[in-house]
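Engineer: I need the structure of the sequence given here:
(4 chains)
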4 protein chains.
Amino acid sequence: MPESLIPLKAPERDFGSDNRSGMAPDALAALLAANDTPRSASYGRDEFTNVAAEAISSIFGREVFVTFTPTGTAANISAVGALLDGPGSAVVGAHDAHIRVDEAGAIERAWGVPVVPVPTTAGKLDPEALREVLAGLAGNAPFSPTPSVLSITNLSETGRVLTCDDLVRLTALARSHGLRVHIDGARFANALAAEPGLSRIFEIGVDTLALGGAKNGQGPVEAVVTCDAAVHLKVQRAAKQIGAAASKMRFLTAGLAASIASGEFAQNASAANAAAARLAANLTAAGLVPELPAEGNLVFVRLNPELVEPLDRWCHVSHWDGRGLVRLACSFDHTTEDVDRLAVGMAHLHR
Amino acid sequence: MPESLIPLKAPERDFGSDNRSGMAPDALAALLAANDTPRSASYGRDEFTNVAAEAISSIFGREVFVTFTPTGTAANISAVGALLDGPGSAVVGAHDAHIRVDEAGAIERAWGVPVVPVPTTAGKLDPEALREVLAGLAGNAPFSPTPSVLSITNLSETGRVLTCDDLVRLTALARSHGLRVHIDGARFANALAAEPGLSRIFEIGVDTLALGGAKNGQGPVEAVVTCDAAVHLKVQRAAKQIGAAASKMRFLTAGLAASIASGEFAQNASAANAAAARLAANLTAAGLVPELPAEGNLVFVRLNPELVEPLDRWCHVSHWDGRGLVRLACSFDHTTEDVDRLAVGMAHLHR
Amino acid sequence: MPESLIPLKAPERDFGSDNRSGMAPDALAALLAANDTPRSASYGRDEFTNVAAEAISSIFGREVFVTFTPTGTAANISAVGALLDGPGSAVVGAHDAHIRVDEAGAIERAWGVPVVPVPTTAGKLDPEALREVLAGLAGNAPFSPTPSVLSITNLSETGRVLTCDDLVRLTALARSHGLRVHIDGARFANALAAEPGLSRIFEIGVDTLALGGAKNGQGPVEAVVTCDAAVHLKVQRAAKQIGAAASKMRFLTAGLAASIASGEFAQNASAANAAAARLAANLTAAGLVPELPAEGNLVFVRLNPELVEPLDRWCHVSHWDGRGLVRLACSFDHTTEDVDRLAVGMAHLHR
Amino acid sequence: MPESLIPLKAPERDFGSDNRSGMAPDALAALLAANDTPRSASYGRDEFTNVAAEAISSIFGREVFVTFTPTGTAANISAVGALLDGPGSAVVGAHDAHIRVDEAGAIERAWGVPVVPVPTTAGKLDPEALREVLAGLAGNAPFSPTPSVLSITNLSETGRVLTCDDLVRLTALARSHGLRVHIDGARFANALAAEPGLSRIFEIGVDTLALGGAKNGQGPVEAVVTCDAAVHLKVQRAAKQIGAAASKMRFLTAGLAASIASGEFAQNASAANAAAARLAANLTAAGLVPELPAEGNLVFVRLNPELVEPLDRWCHVSHWDGRGLVRLACSFDHTTEDVDRLAVGMAHLHR
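Structural biologist: This is a model prediction of the structure:
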């Protein structure tokens, strides 16, 4: 047990997950202000929600349709459900996709379809692997289900940014096999901060985006974004049917609207990414080279497995694979001091 | 078109629904304060959520298990799913139950079971009608599904309080046919304010309660309450699987915890009930006798159908049956002035 | 207890249901012959199944696509699933529709959608009632699900033939509200024998037909018929996914192919209808006037409820409503003697 | 293109699948005889079905409860559904399990649960791999679903017999993690012929068995077998709800009853196993050593991938992995001559 960590002050702003942080100032202030209106239309027909949808349109430089949900799982369920194509269908996604391994069977429960795994290469969904999986399913029809949705996590589960080029290749492949494309963007703001061209995803061929709020300094709010009116209608129905349509929607959307409008939303993501980059650099300098490029707000480092538990007790981290791979998640409010202290502590532990 | 309404000031605090109102002061203040903690465990493992669960225990005078969800539909889905008994099962509930006609097929979607309707008498689920429905299903087995859950809305959809005696009869009947019992309590606080003995529902034989927050001055939060540890585990799994487990749970629960602890939660319900009682009395005095006793916070009055639209434009009401039956929903913040002005306006319109 | 029935010989060919009868000669002979081919492609890719599909095309005077299933419930699930339109959808059908009350929640289980009831008039789905239900659902959107399929039972559950005119009205109404149309034709052969114009259902606007075999002298085989290639593909996928795709399909289809080709299939239906007509006439003459016109192979008569059980013990009948309404189902092999003996027995009992 | 195969007579009794064969004599004769009873109770309440259930009891030397279905997928769905434990549940099975990769998402559709893959070792579900998968799921709860059913294919998909010892280990592991155990026994008769001790599976701790008929010389019939009355009731409900309850059940069960009673059923399996053993020996002698022991009626041989298509055209085989691994399925009616001719042809092709 590395006693040496004990004198270090445990960081108040730990690195366990970006969903452990709070709300950023503009978002919180707007939520408060929203309560000054004594009555407001329910289930998202209110003005705050309209403004939030317009704010999201501004991110993409075009009119989009938006459905707000209280959780990322609800956003993914609603979006995927709107794209599925009837009986015998399936979703295809990375083997480590949140919808496949971290949502307790949500897609299977809601829509009765399997989520077929595709291998990743260096933390990114691999087009060749995808091609092989699609060929395998087609070759085994009608015993295999017929995939109709490709789900891509971006920022990927392991912190990689899928670039516009990556998405062009993946969506082209998906389209040529009859699949529509969903992006699980729980950390899309971080991907966008790293690669501004991702504001063009709908031009590239993405059908739906689950745009994360909670992990980027918002309260419990996510947004399903689409440019397709028919898909939007189905997303709305899906969200209603799974219990994701909040009656007092303005308490979800007012903060997000304000945060986007003020620039806070974009700054949150940039700040978190910068913290991760600094952390990665510090760790590398200390001989702890990250396993994957820290392109967004996540840093993955492999430690001696015995060191993970004390590290977790000290500053909360996520033990990714049970074999020493550790995820460090940076949030919008991590300071340079937070990051540097963590790197020093880990270097100390690693020695 | 009754021009006579135009001079009347449209009430800022309309009567369209209790989910159109905002958050009560203590709840809002606690939500704000919750943000002062820089990091908090996610998915409900935080201290705010623990305190909220304890606050709910205090309502029932015993330890209960609580799962918090962002919507009432999610609460109903999760609770019902935890009580269902495998293949070929069914839910039984009042023909006008929210889960049957206002949740877009949520129960069917989540659990693949039908919701079988039971007639009501004077707005309350009727034990004799229930007995007949259960006998009919049993007589047609295995062609009929086998019901395993009875869902009772209390406060009922039409504003009646099902008393302890009512619940004793209904749960005994349900039990004797092998059904477990769920209460859809979107307005349970109002029922409890009217009939304090309802704090004993778990002694009476209720298995799960979806305790509403949003309609009683909270933000987007509801609570599934049970005394059965095994059921609680299934509720938790269900909530996770349908996307109802919020990562930043403290922003749902901190306000509710504070509101219960300060007494605000109970006062909200009492205030709304008192407003409804006064409104019913005023309307009766004006010759508009409510169709059903206004036992909670809802008043049902029948108007000439042509008058409903202008009334709705003036102060928002809910046109219940498309044939002139109007629902007026009182909230915690309706003042005597609000109520009296509405009664005067409606009397004016009615003449 | 009417002892007087005891001396009457219990009919070997009872009237409990048309699914209690056996296979007609041509069907059985063809099944036997199918076994002479030592190997045959599985899952319906065999020649016997191709020929059966062609035989069904001949009924409708046009090329149709056919999916064979072992049960009527499987046929209904597969067809309805192919017509549904994504999240938040619903099926609409007569309150007494088999898919709503006699298939143990099959539609809800398979597709997660409710089956919304529509009143009938004189045993037939009523266009005005349908219009009202559709308006009610539309008026309550998004709280109500959005219906996308109308299911019509023909021959109706209570033995009525929905004529081409009936179907024109119903399908036009359905289309104008965005619904596609399924016919549950467990006894479609009987309807067709009574109204030959029903061979034009696909011109009238029906999308899918579950054409019954078992109740018309076949073994365990039903056929989902459609003219829409895209729908057919979805029916096939649905049938596979619900476990209704039989590997040794030829043992389902060979008999049906032969029975249609030889004319036996049509004769079976005509014979059963004729038996029912004779039975209805006999009963009327005896003062037992059927409640509804016996247009197909079913006769509905109301008796003193106490007489139903002894009648059932004597010759098997179906106690339809638990209040004395009795269904007498005629099969292809009921003889004049069978029918007359039943009428005499019932008259005897009734006195 | 190996022209050399052309002069060889294509076998009438090919090796594509054991579901391409016909019905064995006793089974067919009994089906015929069943039609001599003019009326029979429907939905499995008939005498033929009772006798079939007793015949199955005789296989296991104890009273068992049996539900008959027309397909193996329907049997698996019904059995698994009866064992699942509420929301957030999951099924665990071999990565190549039919229910996971060859039933078009049937389990996901029917019960809304994922099927989690476990690696195999030499074609058998591996206890250590299972232990690791279960630990991983438990470690990731509540984000991972909670498995409640282990499905074991026996005879395995690749022709291995899981022995009683194998099952003891697997069921003990499953039980200790709270899982119940299902056997997908589409070819259980072949496993039993190879390992007679498997008649004790219910003593070992198996909860449900889907006992295959079609692949062992029957028509379209499979049987879900259990010793647990409560599970049986759920299987029955599940079968009804998925459309697998055939009204004219006797045409499924009469043949199976006779075939078991006469010894034909057991002999069919032994004959198919013997054919496979002879085929494996012949191929080995010709230098084509099977990849896995041919313990049941399946032989797996790896060829030059280019040779698979001509071989398939000649005598139908199953190209298992798209990379030259070929499955040869022996049926009850394969003769020594059939087998020897195939081995000679393959040796000829291989040279």
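
Engineer: is chain B contacted by the lengthiest helix in chain A?
Structural biologist: Taking DSSP state H as the criterion, chain A has its longest helix at helix A:264-285. No. Applying C-beta under 8 Å from any C-beta of the partner chain, one finds helix A:264-285 out of contact with chain B, separated by at least 14.0 Å. To be clear about C-beta, it is placed using only N, CA and C from the backbone, and glycine gets the same treatment.

Engineer: shouldn't residue A:44 be within a strand?
Structural biologist: No. Applying DSSP: H, G, I helix; E, B strand; the rest coil, one finds residue A:44 to be coil, outside a strand.

Engineer: is chain B within reach of stretch A:242-257?
Structural biologist: Yes. Stretch A:242-257 reaches chain B (C-beta under 8 Å from any C-beta) through A:242, A:243, A:244, A:245, A:246, A:247, A:248, A:249, A:251, A:252.

Engineer: where does the closest residue in space to the fifth one that isn't next to it in sequence land in three-state SS?
Structural biologist: It stands for residue A:246. The shortest distance from residue A:246 to any non-neighbouring residue, by C-beta to C-beta, 6 or more residues apart in numbering or on different chains, is to residue B:220 (4.4 Å). Three-state call for residue B:220 (three-state DSSP): coil.

Engineer: so residue B:220 is in contact with residue A:251, correct?
Structural biologist: Yes. Between residue B:220 and residue A:251 there is a contact under C-beta atoms under 8 Å: 5.7 Å.

Engineer: among those two, which residue is more densely surrounded?
Structural biologist: With other C-beta atoms under 10 Å in any protein chain shown as the criterion, residue B:220 and residue A:251 differ in neighbour count, and residue A:251 comes out ahead with 31 against 28.

Engineer: so what's the more buried one closest to, chain neighbours aside?
Structural biologist: Once flanking residues are discounted, residue A:251 sits nearest to residue B:219: 4.5 Å by C-beta to C-beta, 6+ apart.

Engineer: can you get me a residue count around that neighbour?
Structural biologist: When neighbours are counted by other C-beta under 10 Å, residue B:219 comes out with 29.

Engineer: pretty sure it contacts residue B:250?
Structural biologist: No. Using C-beta under 8 Å, residue B:219 is not in contact with residue B:250, being 11.8 Å away.

Engineer: the helix or strand hosting residue A:309: what's the following helix or strand?
Structural biologist: Using DSSP states H and E, residue A:309 sits in helix A:305-315. The first helix or strand that comes after helix A:305-315 along the chain, using DSSP H and E, is strand A:318-319.

Engineer: which helices and strands does that following strand pack with?
Structural biologist: helix A:305-315, strand A:325-329 (3 or more C-beta pairs under 8 Å, 6 or more residues apart in numbering or on different chains; DSSP states H and E).

Engineer: and the contacts of whichever helix or strand comes after the shortest one?
Structural biologist: Beyond strand A:325-329 on the C-terminal side, the first helix or strand identified by DSSP H and E is helix A:336-350. With contact meaning C-beta atoms under 8 Å, 6 or more residues apart in numbering or on different chains, helix A:336-350 is reached by A:2, A:4-5, A:8-9, A:11, A:13, A:15, A:275, A:278-279, A:282-283, A:286-288, A:301, A:303-304, A:307, A:310-311, A:314-315, A:328, A:330.

Engineer: who in the stretch 51-200 of chain A is up against chain C?
Structural biologist: Applying C-beta under 8 Å from any C-beta, we find that the stretch 51-200 of chain A lies next to chain C at A:78, A:81-82, A:84, A:86-89, A:110-112, A:142-143, A:145-146.

Engineer: restricted to helices, list the residues you listed.
Structural biologist: A:78, A:81, A:82, A:110, A:111.

Engineer: ok, so of these, who is nearest chain B?
Structural biologist: residue A:110 (6.6 Å; C-beta to the nearest C-beta).

Engineer: is that closest one in contact with residue D:109, as I believe?
Structural biologist: No. Look at residue A:110 against residue D:109 with C-beta under 8 Å: they stay out of range, at 11.6 Å.

Engineer: ok, these two, which is more surrounded?
Structural biologist: For residue A:110 versus residue D:109, neighbours defined as other C-beta under 10 Å are more numerous around residue D:109 (31 against 28).

Engineer: quick revisit: distance of the residue nearest to residue A:251 relative to residue A:148?
Structural biologist: In this view, residue B:219 and residue A:148 are 37 Å apart by C-beta to C-beta, to the nearest Å.

Engineer: centroid-nearest residue for chain A?
Structural biologist: residue A:186 (1.8 Å; C-alpha atoms, centre = their mean).

Engineer: chain neighbours aside, what residue packs nearest to that one?
Structural biologist: For residue A:186, ignoring the flanking residues on the chain, the nearest one in space by C-beta to C-beta, 6+ apart is residue A:212 at 4.0 Å.

Engineer: ditto for residue A:25
Structural biologist: residue A:264 (7.3 Å).

Engineer: who does the helix or strand hosting residue A:210 pair up with?
Structural biologist: If you go by DSSP H and E, residue A:210 is part of strand A:208-212. Strand A:208-212 has its sheet partners listed here by DSSP bridges as strand A:180-185 (parallel), strand A:222-226 (antiparallel).

Engineer: okay, that strand in CSV with CA atoms only?
Structural biologist: Coordinates of each C-alpha in strand A:208-212 appear next as CSV, following Å, rounded to 0.1, in the frame of the first residue of the first chain:
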residue,chain,number,x,y,z
THR,A,208,-29.2,11.4,-35.6
LEU,A,209,-26.9,12.7,-32.9
ALA,A,210,-27.4,12.2,-29.2
LEU,A,211,-25.7,15.4,-28.1
GLY,A,212,-24.5,15.2,-24.5
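
Engineer: tell me the angle that strand makes with helix A:264-285.
Structural biologist: Interaxial angle of strand A:208-212 relative to helix A:264-285 (axes from the mean of the first three to the mean of the last three C-alpha atoms, to 10 degrees): 80 degrees.

Engineer: now tell me what touches strand A:208-212 from outside.
Structural biologist: Here strand A:208-212 has contacts from A:56, A:72, A:75-76, A:79-80, A:82-83, A:180-189, A:201-202, A:222-226, A:231, A:235, using C-beta under 8 Å, 6+ apart.

Engineer: and it, which residues are buried?
Structural biologist: Under the neighbour-count criterion of 16 or more other C-beta atoms under 10 Å in any protein chain shown, strand A:208-212 has A:208, A:209, A:210, A:211, A:212 buried.

Engineer: how near is residue A:208 to chain C?
Structural biologist: Relative to chain C, residue A:208 is positioned 12 Å away (C-beta to the nearest C-beta, to the nearest Å).

Engineer: likewise residue A:128?
Structural biologist: Counting by C-beta to the nearest C-beta, the gap from residue A:128 to chain C is 27 Å.

Engineer: on that earlier part again, turn the buried residues of strand A:208-212 into a markdown table, including distance to residue C:126 and pLDDT.
Structural biologist: Shown next, in a markdown table, are the buried residues of strand A:208-212 (distance: C-beta to C-beta, whole Å; pLDDT from 0 to 100):
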| residue | distance to residue C:126 | pLDDT |
| --- | --- | --- |
| A:208 | 40 | 98 |
| A:209 | 45 | 98 |
| A:210 | 44 | 98 |
| A:211 | 47 | 98 |
| A:212 | 50 | 98 |
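
Engineer: so which of these comes closest to residue C:97?
Structural biologist: For the buried residues of strand A:208-212, the closest approach to residue C:97 (C-beta to C-beta) belongs to residue A:208, at 34.9 Å.

Engineer: next, count neighbours for the nearest residue to that closest one once chain neighbours are set aside.
Structural biologist: Distances taken as C-beta to C-beta, 6+ apart place residue A:79 nearest to residue A:208, at 3.9 Å, with adjacent residues excluded. Neighbourhood size, residue A:79 [other C-beta under 10 Å]: 32.
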